[in-house]
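[1] Give me the fold of what follows.
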Amino acid sequence: MAQAKGDTADTVMTVAQLEAFLAEVFPQAFGPGRAHHVEAVGRRTALVRLDADDAHLRPGGTVSGPSLMQLADVAVYVALLGQIGPVALAVTTSLSINFLRKPAPGPVFAEAKLIKLGKRLAVGEVGMRGPGSEDLVAHCVATYSIPDKA
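    Numbering: from 1, shown residues only. Presented below is the predicted three-dimensional model:
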């Protein structure tokens, strides 16, 4: 599980630094009135919350697959940045997701863990849950390409 909100000696960036950086480079997800929030960052981990509202729903009133995919992608990116610092051009090279249950509107939490962190590639896995639930609504594995340092 990711560390509690705030600074930790195991990360390069704090929650506040991550949110500021993400608001700058991804204002569509982290700008004013944003739906995504970094809850915690720790050693190779991150906890990100999506406040799923009408814009994130599919017919039938459940959180849409694309919204969950974005949440998972953001969570791995946050875990990665927590370890390597503000690298805007670290990019997703693959993402595989399994939808397990229909998440209700409201908060969805993504807990990311980097299972490999190399010089050029990082692989993370993400479990997504509703508030107070142990049951996963989705599970994702994503790979990120890390650019050479300038």
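
[2] Give me the distance between the most centrally placed residue in the chain and L50.
    The centroid of the chain falls nearest to A75 when counting by C-alpha atoms, centre = their mean (1.1 Å). Distance from A75 to L50, counting by C-beta to C-beta, to the nearest Å: 9 Å. For the C-beta atoms, the positions are set from N, CA and C on the backbone; glycine is no exception.

[3] What are the buried residues along the longest strand anywhere in the chain?
    Secondary structure of the chain per DSSP state E: the longest strand is strand 106-117. By neighbour count on 16 or more other C-beta atoms under 10 Å, the buried set for strand 106-117 is P107, V108, F109, A110, E111, A112, K113, L114, L117.

[4] So which residues make contact with it?
    Here strand 106-117 makes contact (C-beta atoms under 8 Å, 6 or more residues apart in numbering) with 1-2, 39, 44-52, 63, 68, 71-72, 74-76, 78-80, 83-84, 122-131, 137.

[5] in which helix or strand would I find the residue nearest to the centre of the chain?
    Element membership for A75, per DSSP states H and E: helix 65-84.

[6] quick one: the helices in the protein?
    Ranges of helices in the chain, per DSSP state H, are 15-25, 27-30, 65-84.

[7] Of all these, which one comes closest to R101?
    Counting by C-beta to C-beta, R101 lies closest to helix 65-84 out of the helices of the chain; the figure is 10.8 Å.
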